[in-house]
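J.: Okay, here's the prediction I keep looking at, along with the sequence it came from:
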Amino acid sequence: MSNVDWKLLIGLILLCQGAGVLGAFFTSSEIPAWYASLNKPGITPPNWLFMPMWLSLYTLMGVSLYIVWNKKKNCLARTLFFIQLGLNAVWTPLFFGLHELVLGLVTIIFLDYFVIATIIEFKALDKRAGYLLIPYIAWLTAATILNLSIAWLN
């Protein structure tokens, strides 16, 4: 990444982090109350893990987007990225804010699809950009299983 446009890179990382900030408005009061009262499977990660994980993932997403930002033929790749980012931002208010476990599950399944599509398109433009999203889809896969389990148990 020679000749880094630091303003653009930081801006794209902050854009992605914005989805997390939005989510924090819905989760901060719900985790100790509503979420704590739910039946959860044994695979549920500890609550302290979520914030550092998402901070890392949103940063990787921003770097990945930066890598493909000025590539030719990137309209589809960027469109897919922003669709998945929007779905990411919508899931938290649905799940935590509205307590919509099934609608959250449907949303996260669409999110998974669009992240995979984004990875494919990013990888076609620059392999590094696609690979940077692998931890994200791995975490989302676990989150999808967790969402499914919570919906099933509650």
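T.: Yes, it's here.

J.: Name the nearest residue to residue 101, sequence neighbours excluded.
T.: Among residues not flanking residue 101 along the chain, residue 151 sits closest, at 3.9 Å (CB to CB, 6 or more residues apart in numbering). All C-beta spots, glycine's among them, are computed from the backbone N, C-alpha and C.

J.: Spit out the contact partners of the one you found.
T.: Taking CB atoms under 8 Å, 6 or more residues apart in numbering, we find residue 151 in contact with 101-102, 104-105.

J.: just the buried members of those?
T.: 101, 104-105 (16 or more other CB atoms under 10 Å).

J.: Go ahead and flag the most central residue of the chain.
T.: A centroid search over the chain (CA atoms, centre = their mean) returns residue 88, at 4.9 Å, as the residue closest to the centre.

J.: Helix or strand: which one has that one?
T.: Using DSSP states H and E, residue 88 sits within helix 75-92.

J.: Now do the helix or strand following that helix: which elements does it pack against?
T.: Toward the C-terminal end, the helix or strand that comes next after helix 75-92 (DSSP H and E) is helix 101-125. Using 3 or more CB pairs under 8 Å, 6 or more residues apart in numbering; DSSP states H and E, the elements in contact with helix 101-125 are helix 47-68, helix 75-92, helix 127-131, helix 134-153.

J.: Could you grab the helix/strand/coil label for residue 13?
T.: The three-state label given to residue 13 by DSSP: H, G, I helix; E, B strand; the rest coil is helix.

J.: quick one: contacts for the nearest residue to it once chain neighbours are set aside?
T.: Excluding the flanking residues, the one nearest residue 13 by CB to CB, 6+ apart is residue 62, at 3.1 Å. Shown in contact with residue 62 (CB under 8 Å, 6+ apart): 9, 12-17.
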